[in-house]
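Asker: With the sequence up front, the predicted model follows.
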Amino acid sequence: MKRNFLIFVVSILITSSCYYDNEKDLYPVSNFNNCDTSNIVFSTMVLPTINSKCNNCHSEVLAPELGGHISLENYENIKYSVDNGSLWGSINYFSGFSPMPPENRLDDCSILQIEIWIKNGAKND
Ligand code: HEC
């Protein structure tokens with residue numbers, strides 16, 4: 001009995017010591033270092049990301065079939081999803097939201113730029 005317990009403890013120690021978090025493995029596309037956060041403008045820094053990463057499903061035309069009827073094609077539609085919290089929740093893969101894009105999470109820099117834009121009032125600039 002005592003021996004089994006010892007084996008149990010030792011095996012926990014061995015297996016847990018083999019576990020480590022490698023930042024590069026966890027965040028392979030992290031490019032914070034050269035992330036431009038100086039002048040965040042909707043039309044040149046947020047909309048292009050949404051057009052290239054989201055509107056292959058969420059454009060006005062495709063949304064009914066591919067984007068759950070959620071259009072992200074223009075400012076008004078995007079602002080609606082910002083105001084109800086779903087855009088922020090989904091691009092961060094927060095629980096309670098559908099992860100967006102469903103595959104290939106946005107890179108850290110794009111998420112940071114969207115965060116700054118939202119914190120600055122999500123203006124149509
Ligand atoms: C491959 C298609 C596809 C892509 C690409 C995609 N979406 Fe979606 N999205 C969907 C579908 C389908 C739904 C509705 C079903 C669901 O919620 O899973 C949805 C739902 C959403 C919702 C509502 C989620 C919720 O939990 O209420 C938001 C917000 C959203 N998408 C934003 C985005 C954003 C922002 C991007 C780009 C960064 C994106 N989506 C990329 C297909 C896509």
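Answerer: In hand now; what should we look at?

Asker: Identify the residues contacting residue 89.
Answerer: Applying Cβ atoms under 8 Å, 6 or more residues apart in numbering to residue 89 gives the contacts 96-97. C-beta: built from backbone N, CA, C; applies to glycine.

Asker: Residue 93 too?
Answerer: Here residue 93 is in contact with 99, 105 (criterion: Cβ under 8 Å, 6+ apart).

Asker: quick one: what helix or strand has residue 88 in it?
Answerer: helix 86-91 (DSSP states H and E).

Asker: what does the protein have sitting close to the ligand?
Answerer: By the rule Cβ under 6 Å from any ligand atom, the part of the chain lying against the ligand is 50, 53-54, 56-58, 66-68, 70, 72, 81, 86-87, 90-91, 97-98, 100-102, 106.

Asker: Apply 5 Å and report the result again.
Answerer: For the chain, the residues in contact with the ligand (Cβ under 5 Å from any ligand atom) are 53-54, 57, 67-68, 70, 81, 86-87, 90, 97-98, 100-101.

Asker: Quickly name whichever of the residues you listed is closest to residue 122.
Answerer: The nearest member of the residues of the chain next to the ligand to residue 122, counting by Cβ to Cβ, is residue 87 at 9.4 Å.

Asker: Could you find the closest non-adjacent residue to the closest one?
Answerer: In space, and not counting its chain neighbours, residue 87 is closest to residue 81: 4.0 Å by Cβ to Cβ, 6 or more residues apart in numbering.

Asker: Pass me the low-pLDDT residue ranges in the protein, would you?
Answerer: 1-2, 5-32 (pLDDT under 70).
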